[in-house]
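S.K.: Sequence first, then the predicted structure, then my questions.
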Amino acid sequence: MEQRIIPDNMSRSDYIIILVIRLAVIAGSVGMILWYLESGYFSIGNIAGIAFFSLVILAAALWRSIYSLKKRLEKSRGGRALIIAICALAAAFIVYVMTALALMIFGSMAPVSDDSTVVVLGCQVRGTEPSLTLRKRLDAAYDYLVNNPETNAVLSGGKGSGEEISEAQCMYEYLTGKGIAPDRLYLEDRSTTTNENIKFSKKIIEENGLAPDLAIVTDWYHEFRAAVIAHRAGCRSGAVSAPTAGFITAHLVTREMIAIPFEMIFKN
């Protein structure tokens, strides 16, 4: 009976350790899938994350079959080469994920120079009201503007589907409603992408003689890519990072991991 459960050349203790690891991996992967689903979004971030952790669950569940296949592949040169290639790809994937996370974290801590103009990157508006994500960005911008009373801000975001007013107008009304002087705020209401946010905001800064460096207000995970775009546009930038709601963090961070290489490879 034991031989049908425990593979050849494996001790009972090793088998128990692997079993515990498998159960932990399955439980953790199920938790991640539930985290993605909690956001309620249908996006590439959710699709990629759910697909990946579903594969992890499948691999953990079919571990014995995978173990047996590995043993058979090890008997041939081509099989060993395939195993090495798979391991190399897995290692490269892990390195990339860790590197991307590190870049996001360090990007969110980039210092802001004293001579900067705030650029608030737009996000979804629900009718005429800011979404939760946009509100968090605006609160971060408000705190910075209050603490730096000589600083001006460009509010950047056009009018998207389902939005009754532009994101820039929504941001303007929110900040002025909290007491920020209207003459400190400049509206950029044409952009639909981060690249356009930076490009059009830079033009407004130059036309109005504002401080040339940027203090970019966006979610923490988005700061690194925004800084890459700003650098490409010829701007120095620092980060005024806004927190991201926990229930949407998984899918947004995953989506950003996909966007970073696309931005750096295909848009240079």
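M.R.: Good, I have the coordinates. Numbers count the residues shown, from 1 in each chain.

S.K.: okay, CA-based contacts and neighbour counts for the rest of this
M.R.: Noted.

S.K.: got the contact list for the residue lying closest to residue 254 once chain neighbours are set aside?
M.R.: What sits nearest to residue 254 in space, not counting adjacent residues and going by Cα to Cα, 6 or more residues apart in numbering, is residue 45, at 4.9 Å. By Cα atoms under 8 Å, 6 or more residues apart in numbering, the residues touching residue 45 are 250, 251, 252, 253, 254, 255, 256, 258.

S.K.: Return the per-residue confidence for the fourth one.
M.R.: Pointing back at residue 253 there. Model confidence at residue 253, given as pLDDT, is 95.

S.K.: which regions of this structure lie under the pLDDT threshold?
M.R.: 1-10, 267-268 (pLDDT under 70).

S.K.: Now do the strands in it.
M.R.: For the chain, the strands defined by DSSP state E occupy 116-121, 125-126, 129-130, 153-156, 185-188, 213-219, 237-242.

S.K.: Mind checking those strands for the one nearest to residue 71?
M.R.: Among these, strand 213-219 comes nearest to residue 71, with 46.5 Å by Cα to Cα.

S.K.: any idea how far that closest one is from the chain center?
M.R.: 16 Å (Cα atoms, centre = their mean, to the nearest Å).

S.K.: what comes into contact with it?
M.R.: 112-113, 115-121, 133, 137, 140-141, 223, 226-227, 235-244.

S.K.: Now do that strand and strand 116-121, the angle between them.
M.R.: 30 degrees (axes from the mean of the first three to the mean of the last three Cα atoms, to 10 degrees).

S.K.: ok, back up a step: rebuild the strands of the chain as CSV, extending it with mean neighbour count and distance to residue 86.
M.R.: Compiled in CSV, these are given as follows (neighbours: other Cα atoms under 10 Å; distance: least, Cα to Cα, whole Å):
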stretch, mean neighbour count, distance to residue 86
strand 116-121, 27, 40
strand 125-126, 22, 44
strand 129-130, 20, 45
strand 153-156, 29, 44
strand 185-188, 22, 47
strand 213-219, 27, 34
strand 237-242, 25, 37
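
S.K.: which stretch among the ones you listed comes nearest residue 165?
M.R.: strand 125-126 (7.9 Å).

S.K.: Can you tell me how far the closest residue in space to residue 198 that isn't next to it in sequence is from residue 108?
M.R.: Among residues not flanking residue 198 along the chain, residue 230 sits closest, at 6.2 Å (Cα to Cα, 6+ apart). Residue 230 sits 14 Å away from residue 108, going by Cα to Cα, to the nearest Å.
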